[in-house]
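> sequence first, predicted model second:
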Amino acid sequence: MFYRRAGIRHTRYEDERQLFPLTFDRVLIIAILVLLLSAPFWVERLYLVGYMVPWLIWSGAALGLNLLMGGAGQIHLGYGAVIGIGAYTSVHLVRFGVPLELAMIAGGLMSALIGSIFGAAALRVKGIYLAMATLAMQYIVDFFTQTKIISGGSLATLQVPPVSFLGISLKGDVATYYFCFGVTFLIALYMLNIRRTSFGRALAAVREKDYAAQILGVSTYRYKLLAFWVSSFIGGVVGSVLAVAYLRAISPDQFHLELSVQLLAMVIVGGLGSVLGPFLGAALILFAPIVLNNALGAAASAFGTDIPIDLRAHMPLLAYGLMIVLFLLYEPLGLAKIYDNFRKYLLVWPFRHAQK
Amino acid sequence: MSTSPTMMPTPQKPIVLTCHDIERSFGGLKALKGVSLNVHEGEIFGLVGPNGSGKTTLVNVVTGFYPPNQGTITLFGENITHIEPHQIARRGIARTFQNLALFKGMSVLDNILIGRHIHMHPSALGSFFYWWGAQKEELANRRIVEEIIEFMQLQDIRDEPVEAVPLGLQKRVELARALVAEPRFLILDEPMAGMNQEEKEYIARFILDAREERGVTILIIEHHMDVVTAICDRIVVLSYGEIIAEGEPRQAISQPQVIKAYIGERAAQRQMKGAAI
Ligand SMILES: Nc1ncnc2c1ncn2[C@@H]1O[C@H](COP(=O)(O)OP(=O)(O)OP(=O)(O)O)[C@@H](O)[C@H]1O
Ligand SMILES: [Mg+2]
């Protein structure tokens, strides 16, 4: 088939350790990048802004969360709050006249700082207790973002002034799209690189067997905390992108538990520890409810019955829950694993029973 | 496979590890009751004893997993009694586990590469700027890892997921992971458990080579007495958390109290009588 391992002989470690050692994977990834880069020329504006931009932003956020969950094996139920911290920090700074580039980094640093303070406390416990501790972070941060100084109150919205990035105004749809694409591209590249360095291996060791990691010289606490730090930094940066490029006016309720659950679902459905996963997960979690809602509406009018409005409003959450449960039961490594199985099947085709 | 006389430890050889009066209990169970021993540089030191006699517990105490209730541990002249395992690793100890402790979901190569952790400088930023950051270090360490892969003859399975290779090979991967850390003191907890004769001889060869070529001091827990007598310079026999014999392997394991500990009092008496006739 198209996927071929046979005949590929790397003679240098550099070649073997490149991101995509197989030619077909390289061709595929270039094709996808070309499609994404040319999207403004062939995707309708409405879809570009309404679908592609949020997909890219949520993918970036899910990548950040996946570093912690899939990479280091630590659960986080308050990632929405981490994103909120980044969003509010950078929006305030931008309103203050600070350039967006700096505000983004400051947002990331603020999220990383607060995120790892909570992380340091939360990491004293494991498993279900860690889940509870991060959930507590969500509610504590929610409490503070609802105060007058930070957001202006629980119902207040904070407008984002017009901003530009590296001299290019982000007023237009196309510029906004490329801005989001660039940020998510960098995050994805970072995740790919982490996996082939000692940093990523140390995280994986902590995730798989902490006592074995310890005796190899890996301080498990330090690396869990580092994972919190980096993951929260990414969350903060994505938070500022979300605010300036998509929401354009922020209010506290946008960063509540729903956002955390949504991201958690993206990571699990997409594939823990995978770089492709968050993109697939984000697409499914963002768009499945829309499709479902439309289908439900169509069905309702076809049968002439009325579906209660609050049922339709709660449909998405119901769908996330169902998807998380189904994936945990049947494919714990998510959509990315399904793709991977398919790829491996083609790699060894026509020998069906080979492992790799 | 007898060891050459030049490798026999002489009293002048410096001491690598000293355990002094180690006690450790789990609830009411005293797993170690005042164990003292010295391991000398360049030695292959055997730790034997019946099941549940406290061998693994002693190793866990030495490597910092179970802090002792009493006693001190000295490594290369430094007191390491209450130091954490990850810091002990940086002082030149590497070990393998009785029940394999490999990292599932990663390739054999990546599993061995983790063994280089203490020699590398992992950083989040270095990974971000891979091509200007981590790459150089990755490649340099890859070369060292490849040397060990060759030494341990693991070339063919390098890219396999580690859980997919047979158990005997997994044991070898774990030994390779310990060796790439370039330890000065290596602790092996039953490296040959569940192996056939041929595989056992392989591992015995690797252990002897590791000492000869790399000058590693080795502490080995092993149940196979043929291996113990063949490769160990000196042994200690544990029973119920106490040392009941020590010295040259053949001599130590033929002492009556050792036979008794292994096969029970009555059987021991019978065997002693049989031997007398
Ligand atoms: N973590 C623990 N908690 C409670 N008891 C333990 C623990 N670890 C070991 N023990 C007990 O301590 C005693 C010594 O166990 P240890 O594992 O050191 O024996 P061993 O000599 O390594 O035996 P084997 O040859 O079977 O590996 C046993 O009675 C065991 O049940
Ligand atoms: Mg044991």
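Right, received. Where do you want to start? Ligands and ions are numbered 1, 2, ... in the order given.
> residues of the stretch 201-350 of chain A that sit close to ligand 2?
By CB under 5 Å from the ion, no residue of the stretch 201-350 of chain A approaches ligand 2. (Each C-beta comes from the backbone N, C-alpha and C, glycine too.)
> contact partners for the residue of the stretch 201-350 of chain A at minimum distance from ligand 1?
Per CB to the nearest ligand atom, A:Tyr211 is where the stretch 201-350 of chain A lies closest to ligand 1, at 11.4 Å. A:Tyr211 sits next to B:Phe65, B:Pro85, B:Ala101 when contact means CB atoms under 8 Å, 6 or more residues apart in numbering or on different chains.
> which of these has the most neighbours?
Highest neighbour count within the contacts of A:Tyr211: B:Pro85, with 23 neighbours (other CB atoms under 10 Å in any protein chain shown).
> per-residue confidence for that residue?
B:Pro85 is assigned a predicted lDDT (pLDDT) of 93.
> need the next SSE after the helix or strand of chain A with the lowest mean pLDDT, C-terminal direction.
Averaged element by element with mean pLDDT, DSSP states H and E, chain A has its least confident helix or strand at helix A:13-16 (a mean of 73). Downstream of helix A:13-16, the first helix or strand assigned by DSSP states H and E is helix A:23-37.
> can you narrow the contacts of A:Tyr211 down to the ones near chain A?
B:Phe65, B:Pro85, B:Ala101 (CB under 8 Å from any CB of the partner chain).
> the closest residue to A:Leu280 other than its chain neighbours: neighbouring residues, count only.
With CB to CB, 6 or more residues apart in numbering or on different chains as the criterion, A:Leu280 has its nearest non-adjacent residue at 4.1 Å, and that residue is A:Leu335. Per other CB under 10 Å, the neighbour tally for A:Leu335 reads 22.
> what sits against A:Leu335?
By CB under 8 Å, 6+ apart, A:Leu335 lies in contact with A:Val269, A:Gly270, A:Gly271, A:Gly277, A:Leu280, A:Gly281, A:Leu284.
> again with B:Phe128
Here B:Phe128 is in contact with A:Tyr190, A:Asn193 (criterion: CB under 8 Å, 6+ apart).
> and it, what pLDDT?
The model's pLDDT for B:Phe128 equals 88.
> circling back: mind checking which of the contacts of A:Leu335 land in strands?
Judged by DSSP state E, the contacts of A:Leu335 include no members of strands.
> buried ones among the residues you listed?
Buried subset of the contacts of A:Leu335 (neighbour count, 16 or more other CB atoms under 10 Å in any protein chain shown): A:Val269, A:Gly270, A:Gly271, A:Gly277, A:Leu280, A:Gly281, A:Leu284.
> quick check, nearest of the residues you listed to chain B?
Chain B lies nearest to A:Gly271 out of the buried ones among the contacts of A:Leu335, by CB to the nearest CB, at 12.3 Å.
> do I have it right that B:Lys111 meets B:Val173?
For the record, residue B:111 is Asn, not Lys. Yes - checked against CB atoms under 8 Å, the pair B:Asn111 and B:Val173 is within contact range at 5.9 Å.
> what touches both of these two?
B:Leu102, B:Val162.
> return the closest of the buried ones among the contacts of A:Leu335 with respect to ligand 2.
A:Gly271 (37.4 Å; CB to the ion).
> residues contacting the closest residue in space to B:Tyr262 that isn't next to it in sequence?
Using CB to CB, 6+ apart and skipping residues adjacent in sequence, the residue nearest B:Tyr262 is B:Pro50, 5.7 Å away. Residues in contact with B:Pro50 (CB under 8 Å, 6+ apart) are B:Ser239, B:Ala261, B:Tyr262.
> ok, and does the helix or strand containing the second one reach over to ligand 1?
Taking DSSP H and E as the criterion, the element that holds B:Ala261 is helix B:256-263. No - Helix B:256-263 stays out of contact with ligand 1 when judged by CB under 6 Å from any ligand atom, the minimum separation being 11.5 Å.
> any low-confidence regions in the stretch 251-356 of chain A?
A:349-356 (pLDDT under 70).
> typo on my end, it should be the stretch 1-150 of chain A
A:1-9, A:11.
> tell me which parts of it are close to chain B?
So the stretch 1-150 of chain A meets chain B at A:Tyr13, A:Glu14, A:Arg17 (CB under 8 Å from any CB).
> okay, now residue 88: neighbour count?
Using chain A here. Residues near A:Tyr88, counting by other CB under 10 Å: 26.
> you looked at the wrong chain, it should be chain B
22.
> contacting residues for B:Val173?
B:Leu102, B:Val108, B:Asn111, B:Ile112, B:Met152, B:Leu154, B:Ile157, B:Val162, B:Val165.
> ok, which of the contacts of A:Tyr211 also contact ligand 2?
Counting by CB under 5 Å from the ion, no member of the contacts of A:Tyr211 reaches ligand 2.
> let's have those in a markdown table, adding secondary structure and distance to B:Gly71.
Below are the contacts of A:Tyr211 laid out as a markdown table (DSSP: H, G, I helix; E, B strand; the rest coil; distance: CB to CB, whole Å):
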| residue | secondary structure | distance to B:Gly71 |
| --- | --- | --- |
| B:Phe65 | coil | 15 |
| B:Pro85 | helix | 18 |
| B:Ala101 | coil | 26 |
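> export those to a markdown table and tack on distance to ligand 1?
Output for the contacts of A:Tyr211, formatted as a markdown table (distance: CB to the nearest ligand atom, whole Å):
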| residue | distance to ligand 1 |
| --- | --- |
| B:Phe65 | 9 |
| B:Pro85 | 15 |
| B:Ala101 | 14 |
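> so which of those comes closest to A:Phe228?
Among the contacts of A:Tyr211, B:Pro85 lies closest to A:Phe228 (CB to CB), at 21.7 Å.
> isn't the closest one up against B:Val61?
No - in this structure, B:Pro85 is not within contact of B:Val61 by CB under 8 Å, at 11.0 Å.
> does A:Leu264 touch A:Ile324 like I think?
Yes - when contacts are counted by CB under 8 Å, A:Leu264 is listed as touching A:Ile324 (7.4 Å).
> re earlier: top of the contacts of B:Pro50 by neighbour count?
B:Ala261 leads the contacts of B:Pro50 on contacts (other CB under 10 Å) with 22 neighbours.
> would you mind measuring from it to A:Leu226?
48 Å (CB to CB, to the nearest Å).
> SS state for B:Ile22?
strand (DSSP: H, G, I helix; E, B strand; the rest coil).
> show me which residues of the stretch 51-200 of chain B are close to ligand 2?
Looking at ligand 2, the residues of the stretch 51-200 of chain B close enough under CB under 5 Å from the ion are B:Thr56, B:Gln98.
> mind running it again at 6 Å?
B:Lys55, B:Thr56, B:Gln98, B:Asp189 (CB under 6 Å from the ion).
> of A:Leu264 and A:Ile324, which one has the most company?
Using other CB under 10 Å, the more surrounded residue of A:Leu264 and A:Ile324 is A:Leu264, with 23 against 18.
> next up, the contacts around the more buried one.
Counting by CB under 8 Å, 6+ apart, the residues that A:Leu264 touches are A:Leu65, A:Met69, A:His76, A:Leu77, A:Tyr79, A:Ile324.
> ok, the residues you listed vs A:Pro308, which is closest?
A:Ile324 (24.1 Å).
> right, and that closest one touches A:Ala265 too?
Yes - in this structure A:Ile324 lies within contact range of A:Ala265 using CB under 8 Å: 5.3 Å.
> I'd guessed B:Leu179 sits against B:Ala210; true?
Yes - if you go by CB under 8 Å, B:Leu179 and B:Ala210 touch, sitting 6.4 Å apart.
> shared neighbours, the two?
B:Leu186, B:Val216.
> pLDDT at the residue of chain A found nearest ligand 2, what is it?
Ligand 2 sits closest to A:Tyr211 of chain A, with a gap of 14.6 Å, by CB to the ion. pLDDT, A:Tyr211: 92.
> same question, the one 5 residues further on
Among the per-residue scores, A:Leu216 holds a pLDDT of 94.
> many thanks, we can stop here.
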